[in-house]
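Colleague: got a predicted structure plus its sequence, pasted below:
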Amino acid sequence: MKPALKAEIGRLTPTEKLQLVGALWTDLAANPEQIPIPAWHARLLDEDQAVYGVNPHEGSPWSEVKARIIRPT
């Protein structure tokens, strides 16, 4: 990051910094194909897909996982 940009960000209030984060996130989300995927992410996805291919019925559907997470204890 350029020092001048870093200094300018440092002058923002916390609220302005949060607004900047939101604006940056929105901009990035609008063009996800432009965000490079690290090689190690791709390897993990390939490994997970291979495991799933061996036993596609293992695990739980998202609806069940979510229910377990939000279930009161």
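Modeller: Everything's here; your move. The shown structure was predicted, so the numbers you read here are calculated from the model rather than taken from an experiment.
Colleague: switch to C-alpha atoms for all contacts and neighbour counts from now on
Modeller: Will do.
Colleague: and the strands in this protein?
Modeller: Secondary structure of the chain (DSSP state E): no strands located.
Colleague: mind showing which ranges of it have poor pLDDT?
Modeller: Applying pLDDT under 70 to the chain flags the ranges 73.
Colleague: now do 80
Modeller: For the chain, applying pLDDT under 80 flags the ranges 72-73.
Colleague: ranges for the helices of it?
Modeller: Taking DSSP state H as the criterion, the chain carries its helices at 3-10, 14-30, 39-54, 62-70.
Colleague: got TSV for those helices, with mean neighbour count too?
Modeller: Shown next, in TSV, are the helices of the chain (neighbours: other C-alpha atoms under 10 Å):
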stretch	mean neighbour count
helix 3-10	10
helix 14-30	12
helix 39-54	11
helix 62-70	10
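Colleague: tell me who's in contact with Gly59.
Modeller: Gly59 makes no contacts at all, as judged by C-alpha atoms under 8 Å, 6 or more residues apart in numbering.
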